[in-house]
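# sequence first, predicted coordinates after that:
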Amino acid sequence: MFYVKGKLMRTLSPLLIVFTLAACTAPAKQPSTPPDPIANGAEPAHAAVKAQWRLTAIDGKPLPAAARYYLDLSELPRARAKIGCNNTYFNARIARNTLNIGTMTSTLMACTDKLSNQLESAFAQAVQEQKVPYRLQQQSKTLILNAPNGSVWTFERF
């Protein structure tokens, strides 16, 4: 059949080339699954958490009213804190009622009072590079961080 004076072969050759090339092309693109927003850090932060917070208690023990320690989450993923006499800067993101906190950098002023030194060190140890569960209370006016080391940090909205 292929040998009928080469005519049939000449007719089939272009068709065989077309089908062979079609079989070699890339398969149709499959719809990709959407990227995981939490893994990519793109999940929008809970609006109520994106605020400035004043530290009012640690482990249920109130701080002196004159204490001026704060946590600023208003510009997430950039965040900062002043727990003690130094300013601390870090990246953080919110995922499923957890504040994922990165490495902290800090100014290096020498704190003159003992409480500031203790709080500064305790805060860094409690939350640096940690996933810290949080909850909001009193109509989002209180932020409570439950640090992995067991300490509980209570903040009031400014």
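Thanks, I have it. Residues are numbered from 1 along each chain as shown.

# now name the helix or strand holding residue 68.
Under DSSP states H and E, no helix or strand contains residue 68.

# look up how far residue 129 lies from it.
26 Å (CB to CB, to the nearest Å). Bear in mind the C-beta positions are built from the backbone N, C-alpha and C, glycine included.

# go on, residue 95?
In this view, residue 95 and residue 129 are 15 Å apart by CB to CB.

# quick one: which of those two has more around it?
When residue 95 and residue 129 are compared for neighbours, residue 95 comes out ahead with 15 against 11, by other CB atoms under 10 Å.

# which pLDDT value belongs to that one?
In this model, residue 95 is scored at 91, pLDDT.

# can you tell me the SS state at the spatially most central residue of the chain?
Taking CA atoms, centre = their mean, the centroid of the chain lies closest to residue 93, which sits 2.9 Å from it. For residue 93, the assignment made with DSSP: H, G, I helix; E, B strand; the rest coil gives strand.

# you'd agree it is up against residue 79?
No - under the criterion of CB atoms under 8 Å, residue 93 is not in contact with residue 79, lying 9.3 Å apart.

# leaving out sequence neighbours, find the closest residue to residue 84.
Using CB to CB, 6 or more residues apart in numbering and skipping residues adjacent in sequence, the residue nearest residue 84 is residue 120, 2.8 Å away.

# show the contacting residues for that neighbour.
Going by CB atoms under 8 Å, 6 or more residues apart in numbering, residue 120 touches 83-86, 88, 106, 111.

# can you list the low-confidence ranges for the chain?
The chain contains residues with pLDDT under 70 at 1-45.

# which residues of it fall in helices?
Assigned by DSSP state H, the chain shows helices spanning 7-24, 114-127.

# quick check: bridge partners of residue 55?
For residue 55, the beta-bridge partners under DSSP bridges are residue 155.

# check contacts around it.
Listed by CB under 8 Å, 6+ apart, the contact partners of residue 55 are 63, 67, 69-71, 83, 119, 153-155.
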